[in-house]
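Novice: Here's a sequence, model it:
(one chain, ligands or ions: 1)
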Amino acid sequence: MDAKPIIEFKDVNKIYDNGTVGLKDINLTVKPGEFLVVVGLSGAGKSTLMRTINKMHNPSSGKVLVDGVEVTNLKGRSLRELRRKIGMIFQNFNLVKRTSVEHNVLSGKISYYPTWKSILNLYSKADKQQAAVALDRVNLLEKIYMRADELSGGQQQRVAIARTLMQDPKIILADEPIASLDPLTTQAVMNDLKRLNEEDGITVVVNLHSVPLALQYADRIIGMRGGQLVYDQPIDQVTEDALSAIYQPI
Ligand SMILES: Nc1ncnc2c1ncn2[C@@H]1O[C@H](COP(=O)(O)OP(=O)(O)OP(=O)(O)O)[C@@H](O)[C@H]1O
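Specialist: The predicted model follows:
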């Protein structure tokens, strides 16, 4: 029997306040443990799709369900619970650059603490141990006491990945995680995401501009164009010709 979907879009449309169509009639089901890569031209709707999963954006119509729960109407505590399940990785890493790597990783636990404790760095011993384990999993344990801005871009992105591990996420959403990195560091970041996907069963959704990387890492590739889902195939049925059609100028 097929596993229950971890993410579902049902007839989802998103029209921004200025009238721009972000998403059009999206129907999509993601299974737990998939490594899904989203490709498409700039402006195709990839970020919008991703941001409706953790309610950074609200759809204009339709439903988005995560782990069986409709996210559209979540507020307060239930929204925090949803976001704990979902780690988010951004192109620009979103680290606090002037503090230590350890503090940045621990901040992944922030929603579990009252603000005053996190400001004063009053994390528990167990959480500090978890932070060390998370850093070890991205091969950066030796950098734990360095300042985040002393690390290379690729290392900073891997700190961001370690930070998401503090949430014990079921899903990691990565929006152009390698856009500002060189080829070697790109592989390190993608390998980390793939390893967590395979070892922990975390569902990973990655927006990428690079077709070769999509082919290298995805279990399944979806293509977007003008806010619509125009392509959806498991990796063994993906052809380069079909992918290049997604990238034809509109
Ligand atoms: N906050 C916003 N207000 C209005 N329009 C927006 C907003 N955010 C995105 N858009 C528009 O929605 C469309 C989809 O944008 P989106 O950022 O989702 O595309 P993308 O595929 O992620 O592009 P890129 O690869 O450049 O990041 C674009 O036309 C974009 O200009």
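Novice: The ligand contacts on the protein?
Specialist: With C-beta under 6 Å from any ligand atom as the criterion, the chain comes near the ligand at residues Tyr16, Asn18, Thr20, Gly22, Gly40, Ser42, Gly43, Ala44, Gly45, Lys46, Ser47, Thr48. All C-beta spots, glycine's among them, are computed from the backbone N, C-alpha and C.
Novice: Show the buried residues in those.
Specialist: Gly22, Gly40, Ala44, Gly45, Lys46, Ser47, Thr48 (16 or more other C-beta atoms under 10 Å).
Novice: Now intersect those residues with the strands, please.
Specialist: Per DSSP state E, strands hold the following members of those: Gly22, Gly40.
Novice: Asn197: which of the buried ones among the residues of the chain next to the ligand is nearest?
Specialist: Nearest to Asn197 among these is Lys46, at 18.8 Å by C-beta to C-beta.
Novice: quick one: contacts for the closest one?
Specialist: Val38, Val39, Gly40, Asp175, Asn207, Met224 (C-beta atoms under 8 Å, 6 or more residues apart in numbering).
Novice: quick one: which of the residues you listed is nearest to the ligand?
Specialist: Nearest to the ligand among the contacts of Lys46 is Gly40, at 5.3 Å by C-beta to the nearest ligand atom.
Novice: I'd guessed Lys14 sits against Met50; true?
Specialist: No. Contact criterion C-beta atoms under 8 Å: Lys14 and Met50 do not qualify, at 11.6 Å.
Novice: all helices in this protein, in order from the N-terminus.
Specialist: Using DSSP state H, the helices of the chain run over residues 46-53, 76-85, 101-106, 115-119, 125-137, 153-165, 183-200, 211-217, 240-246.
Novice: Show me the shaky parts of this structure.
Specialist: Residues of the chain meeting the criterion pLDDT under 70: 1-2, 111-121, 250.
Novice: rerun that using 80 as the cut-off
Specialist: Residues of the chain that meet the criterion pLDDT under 80 lie in 1-3, 110-122, 249-250.
Novice: domain parsing for it?
Specialist: For the chain, the structural domains run 1-85+170-250, 94-168, going by automatic domain parsing.
Novice: does the residue nearest the centre of the chain have beta-bridge partners, and which?
Specialist: The chain has Leu173 as the residue nearest its centroid, 1.3 Å off, counting by C-alpha atoms, centre = their mean. The partner list for Leu173 in beta bridges (DSSP bridges) reads Met88, Val205.
Novice: Equivalent analysis for Arg220, please.
Specialist: On the basis of DSSP bridges, Arg220 is bridged to Leu36, Pro234.
Novice: Could you check how far Val238 is from the ligand?
Specialist: 19 Å (C-beta to the nearest ligand atom, to the nearest Å).
Novice: try Leu151
Specialist: Distance, Leu151 to the ligand, by C-beta to the nearest ligand atom: 24 Å.
Novice: my read: that residue touches Val159, true?
Specialist: Yes. Using C-beta under 8 Å, Leu151 is in contact with Val159, at 6.7 Å.
Novice: wait, what's in contact with the nearest residue to Arg158 once chain neighbours are set aside?
Specialist: Distance criterion C-beta to C-beta, 6 or more residues apart in numbering; nearest residue to Arg158, sequence neighbours excluded, is Val138 at 4.0 Å. Val138 sits next to Arg158, Val159, Ile161, Ala162, Asp192 when contact means C-beta under 8 Å, 6+ apart.
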